[in-house]
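K.L.:
Return atomic coordinates for the entry below.
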Amino acid sequence: PMEGRIQRFILQSIVRKLLPKSRTNNCQRVRQKGQQIQVLKSVEHGTASYGGLQTCGSVWQCPVCAAKISERRRVEVLAAMTAWKAQGGTVNMLTLTCPHQRSDDLAELLVKQAKALNSFWADRQVKAVLLDMGNIGHIKATEATHGRLSPYNNGWHPHYHVLMFDGSGVDLARFDKAQMTDWQVKFYLRWANACKLAGLGTPSYEHGLKLDDGSNAFQYISKWGLEHEITKGHTKKAISGETPFDLLRALQADPTDRQAAALFIEFATVFKGKRQLRWSKGLKARFAVEEKTDDELTEEKDDFAQVLGLLTIEQWRDVLAVEGRGPLLSAAARGGWPSVATYLREIEGKGRKKCGP
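P.N.:
Got it, this is the predicted structure:
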């Protein structure tokens, strides 16, 4: 986990250069007003973190905040899924995508895709299938990858993963392969029509829609928020194409990759302020999931974290001067405050040398 945290600090520093006027520029670097900079260690997990610093709460553009938000959202979703399964239901996963080309504008593509999705949910035949499935609601996650490295480069690929809470008043034995295929075909026909009406063109049956059974849905969500390289959506390493955070990794490997920089800036600009997850009406209340903003989640502290020590302003300047936020936390997790003190002695004065007298 600490290796992943070090990597996220490195990627966050790249974002600061790309988006110098964003809140991410101060995230985990500038003190909160009236606060001291704390080094904390989780009793439960053995990981280290900071307290008393500003956070940006951006799930889309900040690798540090995105990891924390995604993990907490994962816990919320997994709790709802587990509760529904205990009540005799099942959770299936619907994946929806649309035709896209290299020349497509991401913002326009998202507007059309949202129009298609609204039309899809309002369709009477779709509602009939949902009733047949015993559906009580859904959770929609928005993701986007880019195909610049593929032989054909079809540009931005925004798509939806929808967790379907099914099985209310329905015998789960009905959810066999033949029935799932039948529902998938019916869904596809209405999704294809919705995409066409929204000006997106007609998606193929192979790529436009997929309905996975509950076992695949649970496997997907269980990997969703791990604090390793396998994080959800835009943060994970894509199997094909590049996620937005893959673009940051490309910039880490090659700082002259101007295309990666431009694409990440486009993504961050377009997705700013958008919700990563949307629960259908009444679903959170049904499973007693509290409404919390991304900012609130990033501000939450580990109840089992202990304060190892405090950093002075001069020490923090030294840490920032050598991009040492990650290594300091690694030292804290490995050897507690004595290791932190040793690291601080090694970098002492670096901040003053960089800033001048």
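K.L.:
Next, please give the residue ranges for the strands of this structure.
P.N.:
For the chain, strands defined by DSSP state E occupy the ranges 37-42, 48-51, 90-96, 137-146, 156-166, 209-212, 277-279, 305-311.
K.L.:
need the helices for this structure, in chain order.
P.N.:
2-18, 63-86, 106-122, 124-133, 177-197, 205-208, 214-223, 244-253, 258-271, 283-286, 294-299, 313-321, 325-346, 350-355 (DSSP state H).
K.L.:
Serialize the ones you listed to TSV and add fields for distance to Ile37, mean neighbour count and mean pLDDT.
P.N.:
In this view, the C-beta of every residue, glycine as well, is placed from N, C-alpha and C. TSV is the format used below for the helices of the chain (distance: least, CB to CB, whole Å; neighbours: other CB atoms under 10 Å; pLDDT from 0 to 100):
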stretch	distance to Ile37	mean neighbour count	mean pLDDT
helix 2-18	15	18	91
helix 63-86	15	20	89
helix 106-122	38	17	96
helix 124-133	51	15	97
helix 177-197	50	17	96
helix 205-208	49	14	92
helix 214-223	33	16	62
helix 244-253	25	21	94
helix 258-271	27	18	96
helix 283-286	35	15	96
helix 294-299	16	18	88
helix 313-321	5	18	96
helix 325-346	11	18	95
helix 350-355	13	13	67
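K.L.:
Figure out which of these is closest to Asn92.
P.N.:
Nearest to Asn92, of all the helices of the chain, is helix 214-223, at 5.6 Å by CB to CB.
K.L.:
related to what we said a few turns ago, turn the helices of the chain into JSON lines, columns for distance to Gly155.
P.N.:
Below are the helices of the chain laid out as JSON lines (distance: least, CB to CB, whole Å):
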{"stretch": "helix 2-18", "distance to Gly155": "20"}
{"stretch": "helix 63-86", "distance to Gly155": "23"}
{"stretch": "helix 106-122", "distance to Gly155": "8"}
{"stretch": "helix 124-133", "distance to Gly155": "28"}
{"stretch": "helix 177-197", "distance to Gly155": "16"}
{"stretch": "helix 205-208", "distance to Gly155": "14"}
{"stretch": "helix 214-223", "distance to Gly155": "25"}
{"stretch": "helix 244-253", "distance to Gly155": "13"}
{"stretch": "helix 258-271", "distance to Gly155": "10"}
{"stretch": "helix 283-286", "distance to Gly155": "33"}
{"stretch": "helix 294-299", "distance to Gly155": "27"}
{"stretch": "helix 313-321", "distance to Gly155": "37"}
{"stretch": "helix 325-346", "distance to Gly155": "33"}
{"stretch": "helix 350-355", "distance to Gly155": "40"}
